[in-house]
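Visitor: Predicted model and sequence follow; I will ask about them next.
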Amino acid sequence: MKARSNEIVSVIVVTCGMHDYLKPCLDSIREQTYPLIEVILIDNSVNPHFSQAISKANPEVKLYSSPKNIFYCQALNKGIEISQGGFILCLNDDVILDKRFLEEALRGFSISESIGMVSGKILRQDKQTIDSTGLFLSLWRTAKEKGYGVKDKGQFEKEEYIFGVNGAVAFYRREMLEQIKRSSEYFDSRFRMFYEDLDIAWRAKNQGWKGYYVPGALAYHVRGASVRQGKGINQRFARRYISDELQVDLIKNRYLTIIKNESRVGFFLHLPLMVFYEILLWGYILLLRPQLIKRFVLDLKGFSSAWRKRRVPYVLPHQ
């Protein structure tokens, strides 16, 4: 299914009701030049007054208020479950879209029916610093954002294939999501947040899907607004600014992503670089955050099930 001018796009926004980010985000969706949009808001604030105010101010939005914070992955699963569109845009509430974002990004899906993910050019809120021009898998098996933190001087104006898309502004073809889901989950809910975008991209690539970058689709993102302490917003080395609980998720989810998606050949090929990364990571933890070790050990129960979610055989899409 190629992108058509009469195709509904479902935009799923996940919010915790922090820092007054939501209104500008919803306003930017409302101002899109592409007309066929379904907006779904997943409210993780656990604040009934916030939900009521949002519902009153945005009657056109489909609102799901969770009785508890179900975090990003489970929230997106809920949004996709109740959505109707053939294309799904997953947004953090700290993102503002250029008014032509959807119109431009949908062209990416029209390049080929094997394209299941599209990224625009994601800038920081200063509109000068690159946040992401596509997600890639690094040699040491971490998520790598192309252009991350550099000034935009027009060096990323070429459309091209990419590995995947940044989770803050993640545009997917529904057909791809339906093919790669496990049981009833599109995103692995054990991840909560962090590495969910790389996991989705790697799963999709293993089944023949591709990602594509369209620089004309602009979005603006406050990096780290949802999870970092105030001084860590838009800063490099995010690990320094997040809580112990989320730090464990960051470590654990990388391992889960590798276990679920890496081939045996790929694992042994990249093992020396992964070992080097592990030495640096655990050296940092032992020296500066040793309390994480106990938390990490107590959270190991999810690893056995990851082996059961290993790669499925390669299947060409649309056959």
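Guide: Here it is on my side, so go on.
Visitor: Select the longest strand from this structure.
Guide: strand 210-221 (DSSP state E).
Visitor: and that strand, what other elements does it pack with?
Guide: Judged by 3 or more Cβ pairs under 8 Å, 6 or more residues apart in numbering; DSSP states H and E, strand 210-221 is in contact with strand 95-97, helix 101-110, strand 115-124, strand 160-162, helix 196-206. Where C-beta positions appear, they are placed from N, C-alpha and C, glycine not excepted.
Visitor: now for the ones you listed, which one comes closest to residue 79?
Guide: Across those, residue 79 has its closest neighbour in helix 196-206 (13.4 Å, Cβ to Cβ).
Visitor: tell me the angle that closest one makes with strand 115-124.
Guide: 150 degrees (axes from the mean of the first three to the mean of the last three Cα atoms, to 10 degrees).
Visitor: Okay, angle between helix 196-206 and strand 210-221 too, please.
Guide: Using the same axes, to 10 degrees: helix 196-206 against strand 210-221 is 160 degrees.
Visitor: The helices and strands packed on strand 210-221: which one's closest to residue 186?
Guide: helix 196-206 (7.5 Å).
Visitor: related to what we said a few turns ago, kindly format the C-alpha coordinates of the next helix-or-strand element following the longest strand of the chain as CSV.
Guide: For strand 210-221, the following helix or strand on the C-terminal side (DSSP states H and E) is helix 244-261. The C-alpha trace of helix 244-261 is given here as CSV (Å, rounded to 0.1, in the frame of the first residue of the first chain):
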residue,chain,number,x,y,z
ASP,A,244,18.5,5.1,38.5
GLU,A,245,15.3,3.4,37.5
LEU,A,246,15.5,4.7,33.9
GLN,A,247,19.2,4.1,33.8
VAL,A,248,18.6,0.4,34.4
ASP,A,249,16.0,0.4,31.5
LEU,A,250,18.6,2.0,29.3
ILE,A,251,21.1,-0.7,30.0
LYS,A,252,18.7,-3.6,30.0
ASN,A,253,16.9,-2.6,26.8
ARG,A,254,20.1,-2.6,24.8
TYR,A,255,20.8,-6.1,25.8
LEU,A,256,17.2,-7.2,25.0
THR,A,257,17.4,-5.5,21.6
ILE,A,258,20.6,-7.4,20.7
ILE,A,259,19.2,-10.8,22.0
LYS,A,260,16.0,-10.4,20.1
ASN,A,261,17.4,-9.2,16.7
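Visitor: mind listing what's buried in helix 244-261?
Guide: By 16 or more other Cβ atoms under 10 Å, the buried positions in helix 244-261 come out as 246-261.
Visitor: By residue count, what's the longest helix in this protein?
Guide: helix 264-288 (DSSP state H).
Visitor: and the angle from that one to helix 244-261?
Guide: 170 degrees.
Visitor: What is helix 264-288 packed up against?
Guide: Helix 264-288 packs on helix 244-261, helix 292-298, going by 3+ Cβ pairs under 8 Å, 6+ apart.
Visitor: JSON lines please, covering those helices and showing distance to residue 213 and mean pLDDT.
Guide: Output for the helices and strands packed on helix 264-288, formatted as JSON lines (distance: least, Cβ to Cβ, whole Å; pLDDT from 0 to 100):
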{"stretch": "helix 244-261", "distance to residue 213": "21", "mean pLDDT": "92"}
{"stretch": "helix 292-298", "distance to residue 213": "34", "mean pLDDT": "86"}
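Visitor: Including distance to residue 208, could those helices go into JSON lines?
Guide: Putting the helices and strands packed on helix 264-288 into JSON lines (distance: least, Cβ to Cβ, whole Å) gives the following:
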{"stretch": "helix 244-261", "distance to residue 208": "14"}
{"stretch": "helix 292-298", "distance to residue 208": "34"}
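Visitor: So which of these is nearest residue 132?
Guide: Short answer: helix 244-261, nearest of the helices and strands packed on helix 264-288 by Cβ to Cβ, at 17.2 Å.
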